[in-house]
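> Structure, please.
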Amino acid sequence: MIVEQIYTGCLAQGAYYIESNGEAAVIDPLREVEPYLKRAHKNKASIKYIFETHFHADFVSGHLTLSKKTKAPIVFGPLADPDFDVIIAEDGQTFHIGDVTIIALHTPGHTMESTTYLLRDSTGKDHAIFSGDTLFLGDVGRPDLAQKQGKMTQEQLAETLFDSLRNKIMPLDDDITVYPAHGAGSACGKKMMKETVDTLGNQKKVNYALRQDMTKEQFVKEVIDGLGPPPHYFPENVRLNRLGYDDIDVILENGNNPLQPDVFEETATSTGAVVLDVRGVNDFTKAHIPNAIFIGIDGGFAPWVGTLIGDTKHPILLIVPEGREEETITRLSRVGFDNTLGYLGGGIKAWIKSGKAVEKIENINAQELKIQVNNGATIYDVRNQSEYDAKHIPGVNLVPLDEINQNLSLFDNDKPFFLHCAGGYRSMIALSILKNRGIHNGVNVLGGMKSIKKTNINLQQSSCTATE
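You can find the predicted model right below:
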């Protein structure tokens, strides 16, 4: 028996490949399916089933494309209502892959169709669960995403999730392995551990949501407490996963299209496309196309695109490091952004060579920021609330990056202001968005809080937080 976790860090997402005696199954595949096909081909195995734990909101799954290429049926749990042919598993239904068995355990709560798959080895022993977004390491799935779909409140969904955990998962043996769909960094939960694999027994000890003495009322309160709004692109991803989408090959063919500067500029003007610059922070600082939005490919790229651009149907034009064009288009498609029109052929050098205008970002270092702090300068912190609570500059304005589009009026366009995050990635995104909206007087703090901590700038901690 082979069980392989295929983890994609930028999405904090785990897909799974299971193989036994020449047959294989894939659970929660990503949209680009070649890695699964190659694994099966290498081992001379055939993919027999494609299992989906639920309709994912944070990424577009590869179930349809993988099924088309392998003829393997797609399996969803009870209450799923996809707009294509699938097997709707009954609670407790078994599926055989070689010498092993996969059992569908209906575990609603995150969504009503959410299903955990229990893997039983050739001896009949329970080996692992693939828990989707029902159970994470350190957390459980947020219960607010299916409110409109199922006409239930988040409190009712949380109560349902409580019952699923107590009745279906917690009675299982402590030594079975938990394979969740996501880890730390995903917006599908709030307290996920950085580890991606654990035993159920350890989770019963460390996961707040699995406390034996917890009442349903306590569970509902703790699961919902501190839950921010989901990213705007989530509903569109659910729609694509439920109704269908174009194959990744079509998206690549349409988007992997080099455009010379004049054509690029004309296309941007005529279509209203978002000009998305995915190069490094330093490259964007030195020279970028006016009104381009920076979201670097080497950070939390796809989730930030989904969160900040929002409309997955909006056309996109790319400025991308040479050789990473296909990667960028693929990663956009993972979160449902399928309308890439092309990329700037020859990159920013070609743009400059053609005589077209570029802009720069003004930077200061942390020592220079200290002078500005002493002079009462306006400073914005674009980290999240918990980072701010742990340590921040007194008097700083907190505007988390994921809320910047809703808070543009907070930024003074009449005098310079200074903006920082933890290390420089998010602050550059924020400044590019502000410039795109006509606010050009922001100054970036190089190195963010990492550099600020190395100075003697006075920092304070929110009184409600524990010591860092």
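> For this protein, name the helix or strand with the lowest mean pLDDT.
helix 147-150 (a mean of 58; mean pLDDT, DSSP states H and E).
> ok, residue 209 - contacts?
135, 139-140, 165, 219, 222-223 (CB atoms under 8 Å, 6 or more residues apart in numbering). For the C-beta atoms, the positions are set from N, CA and C on the backbone; glycine is no exception.
> Could you report the separation of it from residue 110?
12 Å (CB to CB, to the nearest Å).
> do the same with residue 29
Using CB to CB, we find residue 29 at a distance of 19 Å from residue 110.
> who's more crowded, those two?
residue 110 (31 against 25; other CB atoms under 10 Å).
> Chain neighbours aside, what residue packs nearest to the more buried one?
residue 141 (3.2 Å; CB to CB, 6 or more residues apart in numbering).
> how near is the one you found to residue 206?
Distance from residue 141 to residue 206, counting by CB to CB: 17 Å.
> neighbour-wise, which of those two wins?
residue 141 (31 against 11).
> shared neighbours of residue 209 and residue 110, anything?
Residues touching both residue 209 and residue 110 (CB under 8 Å, 6+ apart) are residue 140.
> Please report how far residue 334 lies from residue 187.
14 Å.
> list the contacts for residue 126?
Per CB under 8 Å, 6+ apart, neighbours of residue 126: 118-120, 172-173, 176.
> And it, how close does it get to residue 78?
Residue 126 sits 21 Å away from residue 78 when distances are taken as CB to CB.
> sorry, back to before: looking at the contacts of residue 209, which are in helices?
219, 222-223 (DSSP state H).
> can you pick the most crowded of those?
Among the ones in helices among the contacts of residue 209, residue 223 has more neighbours than the rest - 28 neighbours, counting by other CB under 10 Å.
> Excluding chain neighbours, what is closest to that one?
Nearest to residue 223 is residue 158, by CB to CB, 6+ apart, at 5.0 Å.
> Now do the SS call for that neighbour.
helix (DSSP: H, G, I helix; E, B strand; the rest coil).
> I'd say it and residue 217 touch.
No. Using CB atoms under 8 Å, residue 158 makes no contact with residue 217, being 10.0 Å away.
> Counting neighbours, what do you get for the nearest residue to residue 74 once chain neighbours are set aside?
Sequence neighbours aside, residue 86 is the residue nearest to residue 74 in space, at 4.4 Å (criterion: CB to CB, 6+ apart). Residue 86 has 18 neighbouring residues, counting by other CB under 10 Å.
> When residue 158 and residue 217 are compared, which one has more neighbours?
Between residue 158 and residue 217, residue 158 has the larger neighbour count (other CB under 10 Å), namely 25 against 11.
> can you tell me how far the more buried one sits from residue 77?
19 Å.
> Could you do residue 57 as well?
16 Å.
> Same question for residue 63.
Counting by CB to CB, the gap from residue 63 to residue 77 is 13 Å.
> Kindly report the same for residue 378.
51 Å.
> Neighbour count for the two, which is higher?
Between residue 378 and residue 77, residue 77 has the larger neighbour count (other CB under 10 Å), namely 27 against 16.
> Apart from its neighbours in sequence, what residue is nearest that one?
residue 115 (2.7 Å).
> Quick check: that neighbour touching residue 78?
Yes. Contact criterion CB under 8 Å: residue 115 and residue 78 qualify, at 7.2 Å.
> Comparing the two, which shows the higher neighbour count?
Set residue 115 next to residue 78 and count neighbours by other CB under 10 Å: residue 115 wins out with 29 against 16.
> among the contacts of residue 126, which two are most distant?
For those, the farthest-apart pair by CB to CB is 119 and 173; their separation is 12.4 Å.
> so what's the residue nearest to residue 110 up against?
Per CB under 8 Å, 6+ apart, neighbours of residue 141: 109-110, 114, 132-135, 161, 188-189.
> Any idea what residue 104 is bridged to?
residue 117 (DSSP bridges).
> Closest one to residue 389 out of the ones in helices among the contacts of residue 209, please.
residue 222 (18.2 Å).
> how far away is the closest residue to residue 169 other than its chain neighbours from residue 275?
Spatially, and ignoring its direct neighbours in sequence, residue 169 is nearest to residue 135 (5.9 Å; CB to CB, 6+ apart). Noted for residue 135: a distance of 41 Å to residue 275, by CB to CB.
> neighbour count winner among these two?
Each of residue 135 and residue 275 has its neighbours counted (other CB under 10 Å); residue 135 has more, 31 against 21.
> low-confidence ranges in the stretch 101-250 of the chain?
Within the stretch 101-250 of the chain, the ranges that satisfy pLDDT under 70 run 147-150.
> Please repeat the previous calculation with a cut-off of 80.
146-151, 228 (pLDDT under 80).
> thinking again about what came up before, so who does the residue nearest to residue 169 touch?
107, 116, 129, 141, 165, 169, 178, 180, 203, 207, 209.
> mind saving the C-alpha coords of the strand or helix carrying the third one as CSV?
With elements delineated by DSSP states H and E, residue 129 resides in strand 126-132, which encompasses its position. Once non-C-alpha atoms are left out, strand 126-132 reads as follows in CSV (Å, rounded to 0.1, in the frame of the first residue of the first chain):
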residue,chain,number,x,y,z
ASP,A,126,-8.2,1.2,10.1
HIS,A,127,-5.1,3.0,8.9
ALA,A,128,-5.9,6.7,8.1
ILE,A,129,-8.6,9.3,7.6
PHE,A,130,-8.6,11.9,4.8
SER,A,131,-10.6,14.5,6.6
GLY,A,132,-10.9,17.2,4.1
